[in-house]
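Visitor: Next input, structure requested:
(3 chains)
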Amino acid sequence: MKIDSFFENYLKQDSLFKDKSVLLSSFVPEEVLYREEQLQEVANVLAPSLRLEKPSNLFLYGKTGSGKTLSVKHVLKMMQAVAENNNIKCKIIYINCKLKRVADTEYRLVAQLIKEFGEEIPPTGLPTDEVYNIFYGLLDQQTRVVLLVLDEIDQLTKKIGDEILYNLTRINSELKRSQICLIGISNNLVFAENLDPRVKSSLSEEEIIFPPYNALQIQEILKKRAEKSFSSGVVQPGVIEKCAAYAAREHGDARRAIDLLRVAGEIAERSGSKIVEIQHLDEAEKKVESDKIINATTSQPKQFQSVLYSILLISPQKKVFFTGEIYDVYSTICKKIKQNILTQRRISDVLAELDMLGIINARIISKGRYGRTREISISIEEKIVVKLKELLEKSLSIQ
DNA sequence: AGGTATTCACATGAAACTATTCTCTGAGTTAGG
DNA sequence: TAACTCAGAGAATAGTTTCATGTGAATACCTGT
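Guide: Take a look at the predicted model:
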């Protein structure tokens, strides 16, 4: 098939999708299923801001894909509509703290806040307290309530500590006219435990817990979304059920389920199928998994990649191996590609990161007289290992 | 045999360092009046 | 004299290194039987 006719055919062939955006994670539906209680609670807490009174700070807990972000966005959307209708000055800022190079440090977070007020701030070069001052100035320009949503706040504190949160909670006492209300969202259920007690008490004036969805609920959610996104009759019976089952196994992660459905649809479409079948779903699961890993590794620095490559080199020969062995292999590889060799201390950290990413399985064991070390095994599929190995060879230009 | 002390091979933490990217400031230089 | 250039001081950040301290249990070493 020649390319030109390919495009022709592509156009002629009608899409399986009616509206794919419904299946993207940024989509906010008009109706949030099975979260009525939480929605109401969020609304209750935030309502005072419509009277220009400061609402209590709010904290939301729940595992990934349990509808936290969605619920908050939904409530805030409604509120903003009302605020606009009645000409109430109420500013809503949503920031995801996990985004690299956007809001993952104190400086950048405040810089991002300033940006929300329509001012630009250089990415570096300014002292942090200077940036704070600019922010205070902007905040206090007029009387209003500012609702600040910090998504994945646990990532932020894990990286740089809870000082920022302390600063943010104290802002109110410095402001004359504005009021700021913090809404924290965390995936980590024990997040607040290791927080400065002062921060903890002022941040979690109100707490709402989001339980995971069960399989049935995910099914309903998927059905709703599928109706809107796919053309009718495309999704075969059983697909949604299986998709929900996959997700329920992973602590009821609805986002993952929706993602899976979308990828399954894309795969079906690309293969020229007119319907989405279970087989596409299985393929999608593999793809999502391998994409996740490949994305995670390719965005890492060279040194990180060479450590991973070393592990992949050892893995066919042994089922489990130890830090020292990896370090040896890593050293020879570094020599081979003329890269300087990092200390074992650093490699230890890299291994811990790889463990976090779920690429390897590391467990600290003691071999008694023969020391203490990480017992490492690889935790990704053979197929992905091969693919990853090729990729790393290219990226590190080996051979 | 039973109990204690050692010892290995790292793990884990904190602080300090390095390279890079960026701003701001003020001295020196240039061009126009 | 105003405008411009350009070096140097200071910041933020990511990735490391250095130094210091921690640690679980297999083994070595006793001790008394």
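
Visitor: before we move on, which element is A:R363 in?
Guide: A:R363 is part of strand A:360-366, with elements assigned from DSSP states H and E.

Visitor: Tell me the strands beside that strand, with direction?
Guide: Here strand A:360-366 has these sheet partners by DSSP bridges: strand A:372-378 (antiparallel).

Visitor: returning to that earlier point: quick one: contacts of the strand holding A:R363?
Guide: Residues outside strand A:360-366 that contact it (CB atoms under 8 Å, 6 or more residues apart in numbering) are A:311, A:351-352, A:354-355, A:372-379. (Glycine included, C-beta is placed from N, CA and C.)

Visitor: of those, closest to DNA strand C?
Guide: A:R372 (4.1 Å; CB to the nearest atom of the strand).

Visitor: Tell me, how many residues neighbour that closest one?
Guide: Per other CB atoms under 10 Å, the neighbour tally for A:R372 reads 11.

Visitor: Pull up the distance across stretch A:189-196, start to finish.
Guide: From its first residue to its last, stretch A:189-196 covers 16 Å (CA to CA, to the nearest Å).

Visitor: quick check, that stretch touching DNA strand B?
Guide: No. Stretch A:189-196 stays clear of DNA strand B (CB under 7 Å from any atom of the strand), getting no nearer than 11.0 Å.

Visitor: how about that stretch: buried residues?
Guide: Residues of stretch A:189-196 classed as buried by neighbour count (16 or more other CB atoms under 10 Å): A:F191, A:A192, A:L195, A:D196.

Visitor: What are the phi and psi values at the second one?
Guide: Okay, so that is A:A192. phi -70, psi -20 (degrees, to the nearest 10).

Visitor: In space, what's closest to it - neighbours in sequence excluded?
Guide: The shortest distance from A:A192 to any non-neighbouring residue, by CB to CB, 6 or more residues apart in numbering, is to A:K200 (5.1 Å).

Visitor: Please identify the helix or strand for A:G65.
Guide: Using DSSP H and E, A:G65 maps to neither a helix nor a strand.

Visitor: neighbours around it, how many?
Guide: Residues near A:G65, counting by other CB under 10 Å: 25.

Visitor: pLDDT at it, what is it?
Guide: Per-residue confidence (pLDDT) for A:G65: 89.

Visitor: Now do the contacts for it.
Guide: The contact partners of A:G65, taken as CB under 8 Å, 6+ apart, are A:P212, A:Y213, A:A247, A:G252, A:D253, A:A254, A:R255, A:R256, A:A257.

Visitor: Buried ones only from those residues, please, as a PyMOL command.
Guide: Command for PyMOL, covering only those of these found buried under the criterion 16+ other CB under 10 Å:
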select buried, chain A and resi 212+213+247+252+253+254+256+257
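
Visitor: could I get the contacts of A:G65 as a markdown table with pLDDT and secondary structure?
Guide: Listed next are the contacts of A:G65 as a markdown table, based on pLDDT from 0 to 100; DSSP: H, G, I helix; E, B strand; the rest coil:
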| residue | pLDDT | secondary structure |
| --- | --- | --- |
| A:P212 | 93 | coil |
| A:Y213 | 93 | coil |
| A:A247 | 88 | helix |
| A:G252 | 88 | coil |
| A:D253 | 92 | coil |
| A:A254 | 93 | helix |
| A:R255 | 92 | helix |
| A:R256 | 90 | helix |
| A:A257 | 92 | helix |
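
Visitor: and which of the contacts of A:G65 is nearest A:L175?
Guide: A:R255 (35.7 Å; CB to CB).

Visitor: got the residues of the stretch 51-200 of chain A near DNA strand B?
Guide: Residues of the stretch 51-200 of chain A lying near DNA strand B (CB under 7 Å from any atom of the strand): A:P122, A:P123, A:T124, A:G125, A:L126.

Visitor: Which residues of the stretch 151-300 of chain A lie near DNA strand C?
Guide: Counting by CB under 7 Å from any atom of the strand, the stretch 151-300 of chain A comes close to DNA strand C at A:Q300.

Visitor: Whatever residue of the stretch 151-300 of chain A ends up closest to DNA strand B and A:E106: what is the separation?
Guide: At 9.9 Å from DNA strand B, A:G161 is the closest residue in the stretch 151-300 of chain A, using CB to the nearest atom of the strand. Distance, A:G161 to A:E106, by CB to CB, to the nearest Å: 9 Å.

Visitor: So those two - more neighbours on which side?
Guide: A:E106 (19 against 13).

Visitor: any chance you could map the helices in the stretch 1-150 of chain A?
Guide: Assigned by DSSP state H, counting those that start in this stretch, the stretch 1-150 of chain A shows helices spanning A:3-12, A:36-46, A:68-85, A:106-116, A:128-139.

Visitor: pLDDT at the residue of the stretch 101-250 of chain A found nearest DNA strand B, what is it?
Guide: In the stretch 101-250 of chain A, the residue that lies nearest DNA strand B is A:G125 (2.3 Å; CB to the nearest atom of the strand). At A:G125, the model reports a pLDDT of 86.

Visitor: and it, how many neighbours?
Guide: 7.

Visitor: give me every residue that touches it.
Guide: A:G125 neighbours (CB under 8 Å, 6+ apart): none.

Visitor: Closest one of the buried residues of stretch A:189-196 to DNA strand C?
Guide: Nearest to DNA strand C among the buried residues of stretch A:189-196 is A:D196, at 19.2 Å by CB to the nearest atom of the strand.

Visitor: Let me see the confidence value for the nearest residue to the closest one once chain neighbours are set aside.
Guide: Nearest residue to A:D196 in three dimensions, chain neighbours excluded: A:D162, at 5.1 Å (CB to CB, 6+ apart). Reported pLDDT at A:D162 in the predicted model: 79.

Visitor: What of A:L16?
Guide: If you check A:L16, the pLDDT there is 78.

Visitor: likewise the one 10 residues further on?
Guide: As predicted, A:S26 sits at a pLDDT of 87.

Visitor: What is the neighbour count of the residue in the stretch 251-399 of chain A that DNA strand B sits nearest to?
Guide: Of all residues in the stretch 251-399 of chain A, the one sitting closest to DNA strand B is A:G371 (1.7 Å; CB to the nearest atom of the strand). A count of nearby residues for A:G371, using other CB under 10 Å, gives 11.
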